[in-house]
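**Student:** Next one to model:
(one chain, ligands or ions: 2)
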Amino acid sequence: MNIFYYDIAIPIPVRETFTYKSKEILKSGSRVAVKFRNKDIVGYVVQQLNDMPDFSTTEVSEILDSEPIFKPSDMQIILWLADYYHHPLGEVFDTFCPPALRKITKTDSLLSVEEPIYSILEKDKQFELNKEQESCIKEIKSLRGFDPCLLYGVTGSGKTEIYLQTAGFYLSKGSSILILVPEISLTPQLQERFINRFGANIGIYHSRQTPKQRYNVWQKARNGEIKIVIGTRSAILSPLTNLGLIIIDEEHDQSYKQHEGFRFSARDVGIKRAQIEKIPIILGTATPSLQTLKLVEDKKYKQVNLLKRANGSKPPGFITLDINDSKLESGIAKESLDAIKNTLNRNKQALVFINRRGFSPLYECNNCRWVAECKSCDARLVFHHGLDRLICHRCESAYGLPTRCPECSSSNLSLQGSGTERIELFLEKYFKDTDIIRLDHDTTKKKGSLDEIIEKVHESNSAILVGTQMLAKGHDFPKVELGVILNCDAGITSPDINSLEKISQLLIQVSGRVGRRDSNGKVLIQTRYPEDKNLKELKSGDYLHFALKNLKQKKELHHPPYSAVCLLRASSPLADHNIKFLSKVANTLNIESEISAIGPIPSIISKTRGNLRHHLIIQTGSKTLLNKYVKDVIDSILSWDETKKVRWFFDIDPIDYS
Ligand SMILES: [Zn+2]
Ligand SMILES: [Zn+2]
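**Tutor:** Ligands and ions are numbered 1, 2, ... in the order given. Predicted coordinates for the structure are as follows:
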């Protein structure tokens, strides 16, 4: 009897794969049940081994898939991901496997289904394209093979209509289309537009769905029953048959990068997939990332432009409001309140943006300046009015409100500063009988709450929307005429390597929610730095000009995207352990002239969940070099004693240095 040997990836945080045997031939990319450390778990078949190993092996317990769930091109991407991000292979497989299939369960067999027909529905009126949009579509239709294209469209320029008509073109050729959005909150509106245009046969895939819902969409895509999938990060390997086009909407958005665990960029995976499957990819945005702009400059990506708003309206103007001498009420200046009142009187909506949730970010003793902090993180506690608790935004620990200062026993304690919740409550009192609608992490936790909020915005006439980043992203709220930005100063003064890119995108994106139907929109920026030169330039609203200048500086400074950077983070209960470990890595790397390791540096958030955090910034000329050196150093790290005392990970292409 023949026995075959296989490399199997197990979803645990170790870098090796494991050898199992089987009497049957297993296909790469399929799942098997295996015994591992006395447990039955799912393993992923990587490849067959040519030789019999010289150690004893266990037999695969069960074959779970008759057809591989990852096809050869997916396997190429998954192996690339594990290599590029230096992440355990089994966990990479798990990330892109529908949750229902991470358990020992068989896949339904593939059906032979009739090709769905997508016809353009009568009830959806296709927009008359303007000249600019027409030439844009023409260029997109001419993309062939792996052909990345930046669709630079100012906010309100009708990118969605371009997506719809492009999708129609690909569907008519029998291809399927994958559309990635950065936030779950953006799926309903895009879904609605696609359903109105092409009927109900649209797959939605994101992490708020039940495992069953996700499996259904996954299986339908695989069977060819649906040809359009709209989803967030993990949808990027959606098994659509005959994929013809990938669209990455809001390509600049930082939500494409996973912040925990497997820190991959779904945008970059999309580009990899397009490259391997030899298909075009469209990166749509009003605020392109510097990375994308560089690739356009290098002539590796094409660029098509939509520089006018679709309905001819002018984008809103920016006005900076010097608040150095203003008395603020819950963080809002009198001038801003007057502007809001004005907007409401005209039966329009105003939007108040603040980058902070909760009621108040500071609970302070007015006698000795003691500040309430989390016991296990170095984070200040944020007061949440609705919960009547101080909450740590790092570890979600909740604390009661002390009535006396623990340092000096004074009862003279007060809440300082504002978050979305305080602003909401203040505005409710100030503008009685006006709808105040809050959109942030806390108001959208419950299932269905997001849809309700968005519906309320559309139903209300004069209303005030209060929110965090979530409010700034891609929404189309036609009645909003005024934007008030409360705390952009932190972004302007931040020493972060990419803070200018972030703040410029944010300002433009907030302004993009304003005045989408007529030319009366304006955006007030409350600031203590009205003379800041970057702020002055951004006020012109010309993002591209600002970004290209920023890019030039990056080139001179050899900062990314003109170099490759990664972060090595270490955490442990003792600072000394982190420093010894990181210093040893730095010393190992700094022997090479092509690479520099800066640090160890205490991280900005230096303590979290009881652990102290330090990091190294590792920089080199190219991604290939970085990959090689990190790989070499990981090989050494694994044998050190210093390594056993810390938790560590590499963050490749980091966007968060805190
Ligand atoms: Zn005190
Ligand atoms: Zn905490």
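**Student:** How about the closest residue to ligand 1 within the stretch 501-650 of the chain, nearest residue that isn't a chain neighbour?
**Tutor:** In the stretch 501-650 of the chain, the residue that lies nearest ligand 1 is K607 (22.0 Å; CB to the ion). C-betas here are computed from N, CA, C, even on glycine. Counting by CB to CB, 6 or more residues apart in numbering, D378 is the residue found nearest to K607 once chain neighbours are left out, at 3.9 Å.
**Student:** Can you name the next helix or strand after the helix or strand bottoming out on mean pLDDT in the chain?
**Tutor:** Sorting the helices and strands of the chain by mean pLDDT, DSSP states H and E puts helix 489-493 at the bottom, at a mean of 83. As assigned by DSSP states H and E, the chain's next helix or strand after helix 489-493 is helix 499-512.
**Student:** how far is stretch 58-70 from where the chain is centred?
**Tutor:** 33 Å (CA atoms, centre = their mean, to the nearest Å).
**Student:** in the stretch 201-350 of the chain, which spans are strands?
**Tutor:** Per DSSP state E, counting those that start in this stretch, the stretch 201-350 of the chain carries strands over the ranges 203-205, 228-231, 243-249, 280-285, 302-306, 317-322, 349-353.
**Student:** what's the domain layout of this protein?
**Tutor:** Using automatic domain parsing, the domain parsing of the chain gives 4-102, 131-306, 317-359+418-552, 564-652.
**Student:** closest one to ligand 2 among these?
**Tutor:** Ligand 2 lies closest, by CB to the ion, to one member of these: domain 564-652, at 6.4 Å.
**Student:** measure I591 to L638 for me?
**Tutor:** Between I591 and L638 the distance is 19 Å, computed by CB to CB, to the nearest Å.
**Student:** hmm, back to that, in TSV, list the strands of the stretch 201-350 of the chain along with mean pLDDT.
**Tutor:** Formatted as TSV, the strands of the stretch 201-350 of the chain follow (pLDDT from 0 to 100):
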stretch	mean pLDDT
strand 203-205	95
strand 228-231	96
strand 243-249	97
strand 280-285	97
strand 302-306	96
strand 317-322	92
strand 349-353	95
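**Student:** ranking the ones you listed by burial, who's on top?
**Tutor:** Between the strands of the stretch 201-350 of the chain, strand 349-353 has the highest mean count of neighbours, a mean of 27, where neighbours are mean count of other CB atoms under 10 Å.
**Student:** Now do the contacts for the nearest residue to H559 once chain neighbours are set aside.
**Tutor:** The shortest distance from H559 to any non-neighbouring residue, by CB to CB, 6+ apart, is to I497 (6.0 Å). I497 sits next to 559-560, 657 when contact means CB atoms under 8 Å, 6 or more residues apart in numbering.
**Student:** buried ones in the least confident helix or strand of the chain?
**Tutor:** Buried residues in helix 489-493, counted by 16 or more other CB atoms under 10 Å: 489, 491-492.
**Student:** what's the answer for stretch 613-627, then?
**Tutor:** Buried residues in stretch 613-627, counted by 16+ other CB under 10 Å: 613-620, 623, 626-627.
**Student:** Out of these, which comes closest to Y430?
**Tutor:** Relative to Y430, the closest of the buried residues of stretch 613-627 is R613; by CB to CB it sits at 40.7 Å.
**Student:** Quick check: pLDDT value at that closest one.
**Tutor:** We note a pLDDT of 92 for R613 in this prediction.
**Student:** do the same with T17
**Tutor:** T17 carries a pLDDT value of 95.
**Student:** how many other residues sit next to it?
**Tutor:** Residues near T17, counting by other CB atoms under 10 Å, number 20.
**Student:** wait, isn't it in contact with A9?
**Tutor:** Yes - counting by CB atoms under 8 Å, A9 is a contact partner of T17 at 5.0 Å.
**Student:** list residues touching both of the two?
**Tutor:** Counting by CB under 8 Å, 6+ apart, the common neighbours of T17 and A9 are 46, 89-90.
**Student:** which ones are touching the residue positioned nearest the centre of the chain?
**Tutor:** By CA atoms, centre = their mean, the mean C-alpha position of the chain lies nearest to S255, the distance being 0.9 Å. Contact partners of S255, counting by CB under 8 Å, 6+ apart, are 182-183, 232-233.
**Student:** If we use 10 Å, what do you get?
**Tutor:** Shown in contact with S255 (CB atoms under 10 Å, 6 or more residues apart in numbering): 181-184, 186, 232-233, 266-267, 469-470, 473.
**Student:** Tell me the confidence at it?
**Tutor:** We have a pLDDT of 92 for S255.
**Student:** How about L450?
**Tutor:** Per-residue pLDDT puts L450 at 85.
**Student:** Alright, I will stop here.
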